[in-house]
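Q: heads up, no residue letters with this:
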């Protein structure tokens, strides 16, 4: 099972979602059955590490972000079982990038797994520290439900 998290630039929300989900997958001992990655719908941050403010906030929760930003590509649609978007704009943008309707059906809003009723993971890039904390709260909540969903699909 391969999970891809997607936001706009792949420097804040999606790498934090990747790291958060990876942590709980490893805690469950499922890293041999579930692979995890992240990408963005734009390429302007390509090659950049995760935003330092997000990395710091995640590190305070014992979540280690890593990797470099990249734009989603056709192979991602082929490889991923689920492509999880952080907000409505990225759901729309990712849907436009899908090579066909069958692959488009793999795109799901991440907040479908969040218990608080939030409909989007807000972009914290232009805000203060509290925005990064809110994102991590949503990611930690949603990743637990996501893992339960994914476990039902494992062989």
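A: Yep, that arrived. Every value quoted in this text rests on a predicted model; they were computed, and no experiment measured them.
Q: Go through stretch 108-122 and flag the buried ones.
A: 109-111, 113-114, 120-121 (16 or more other C-beta atoms under 10 Å). C-beta here means a position set from N, CA and C on the backbone, and glycine is covered the same way.
Q: Over to stretch 130-149?
A: The neighbour-count check on stretch 130-149 (16+ other C-beta under 10 Å) flags 131-132, 134-136, 138-144, 146-147 as buried.
Q: Going along the chain, name the strands of this structure.
A: With DSSP state E as the criterion, the chain has strands at 2-7, 35-40, 82-85, 107-109.
Q: Which pLDDT does the model give residue 70?
A: Looking at residue 70, its pLDDT stands at 98.
Q: And for residue 155?
A: 89.
Q: Now, the buried residues of stretch 130-149 that are in helices?
A: Mapping these onto helices (DSSP state H) picks out 131-132, 134-136, 138-144, 146-147.
Q: quick one on the thing from earlier: wait, which of the strands of the chain is closest to residue 126?
A: Taking C-beta to C-beta, strand 2-7 is the member of the strands of the chain nearest to residue 126, at 13.8 Å.
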